[in-house]
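K.L.:
fold the following and give me the result.
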Amino acid sequence: MEPNYYAHRTAEIDEGCYIGRDTKIWHFSHIMTGCVIGKHCNIGQNVVISPKVILGNNVKIQNNVSVYTGVICEDDVFLGPSCVFTNVTNPRSGINRRGQYSKTHVGKGATIGANATIVCGHDIGAYAFVGAGAVVTKNLKPYALVVGNPAKQIGWMSEYGHRLEFNTEGIAICPESNEIYTLKDQQVFKAQPVKKEF
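P.N.:
Numbers count the residues shown, from 1 in each chain. Modelled structure (predicted):
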């Protein structure tokens with residue numbers, strides 16, 4: 001039976017992995033056994049997806065990214081060029097840490113910028129935005145904007161990827177979507193649309 005995804009002829013796909021419909025896997029990428037890749041994903045060139053990694057639907061992975069065992073990415077996650085995850089906090093060449101991998105969870109819609117490093121064992125909140133080259137060493141709140149090494153939060157981002165500017169009442173409006181966000185107790189929430197009754 002023909003696969004319902006596309007893989008370039010140079011891609012290596014091990015047995016025992018699941019790849020969803022309409023996913024595309026490009027040149028020299030390696031999809032390892034036991035991983036799960038959702039529908040409509042795009043896996044760029046020279047990407048490694050290690051065993052038991054889970055990717056949701058519509059995940060975009062740019063070139064030269066390594067996604068190691070222990071990582072879970074929810075739907076609509078964007079991984080920028082050459083970003084990298086770790087899965088052991090104290091690696092040594094002479095010590096086998098297999099089976100001791102720490103988990104990293106990347107929430108729905110989050111963006112991880114080019115050359116960023118995600119130190120294992122942390123949660124990246126939904127729609128968080130990790131700037132290029134940042135080194136994440138702790139959990140990130142939903143909608144948080146972080147930059148630097150170690151990464152520090154400098155603001156908040158909308159679901160459309162725009163920096164949110166909150167007024168004195170703690171209200172911000174995304175300039176692209178016009179969606180409304182509220183800031184309360186250092187947490188951001190998107191306002192639910194008002195249902196019209198007819």
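
K.L.:
tell me how the protein divides into domains.
P.N.:
Domain ranges of the chain: 1-91+98-157, 165-198, per automatic domain parsing.

K.L.:
which ones are touching Ser66?
P.N.:
Val47, Val48, Ser50, Val84, Phe85 (CB atoms under 8 Å, 6 or more residues apart in numbering). C-beta: built from backbone N, CA, C; applies to glycine.

K.L.:
ok, the fourth one - contacts?
P.N.:
What that stands for is Val84. For Val84, the contacting residues are Val65, Ser66, Ala116, Thr117, Ile118, by CB under 8 Å, 6+ apart.

K.L.:
can you report how many residues neighbour the fourth one?
P.N.:
Meaning Thr117. Residue neighbour count, defined by other CB atoms under 10 Å, stands at 19 for Thr117.

K.L.:
so it is in contact with Thr86, correct?
P.N.:
Yes: Thr117 is in contact with Thr86 according to CB atoms under 8 Å; the separation is 7.2 Å.

K.L.:
how long is stretch 92-106 end to end?
P.N.:
With CA to CA, to the nearest Å as the measure, the ends of stretch 92-106 fall 26 Å from one another.

K.L.:
how about stretch 139-149?
P.N.:
First-to-last distance for stretch 139-149 - CA to CA - comes to 14 Å.

K.L.:
contacts for that stretch, please.
P.N.:
Contacts to stretch 139-149, defined as CB under 8 Å, 6+ apart, come from residues 107, 122-131, 133-136, 151-159, 163-164, 181, 186-188.

K.L.:
contacting residues for the residue lying closest to Glu15 once chain neighbours are set aside?
P.N.:
Ranked by CB to CB, 6 or more residues apart in numbering and with sequence neighbours excluded, the top spatial neighbour of Glu15 is Thr33, at 6.1 Å. When the contact criterion is CB under 8 Å, 6+ apart, the partners of Thr33 are Asp14, Glu15, Gly16, Cys17, Pro51.

K.L.:
check which helix or strand covers Thr33.
P.N.:
Under the assignment given by DSSP states H and E, Thr33 is not contained in any helix or strand.

K.L.:
thinking again about what came up before, export the contacts of Thr33 to JSON lines and tack on secondary structure?
P.N.:
Formatted as JSON lines, the entries for the contacts of Thr33 read as follows, by DSSP: H, G, I helix; E, B strand; the rest coil:
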{"residue": "Asp14", "secondary structure": "coil"}
{"residue": "Glu15", "secondary structure": "coil"}
{"residue": "Gly16", "secondary structure": "coil"}
{"residue": "Cys17", "secondary structure": "coil"}
{"residue": "Pro51", "secondary structure": "coil"}
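
K.L.:
where does the protein have low pLDDT?
P.N.:
Regions of the chain meeting the criterion pLDDT under 70 cover residues 1-2, 193-198.

K.L.:
which residue is nearest the middle of it?
P.N.:
In the chain, the C-alpha closest to the average C-alpha coordinate belongs to Val77, at a distance of 4.1 Å (CA atoms, centre = their mean).
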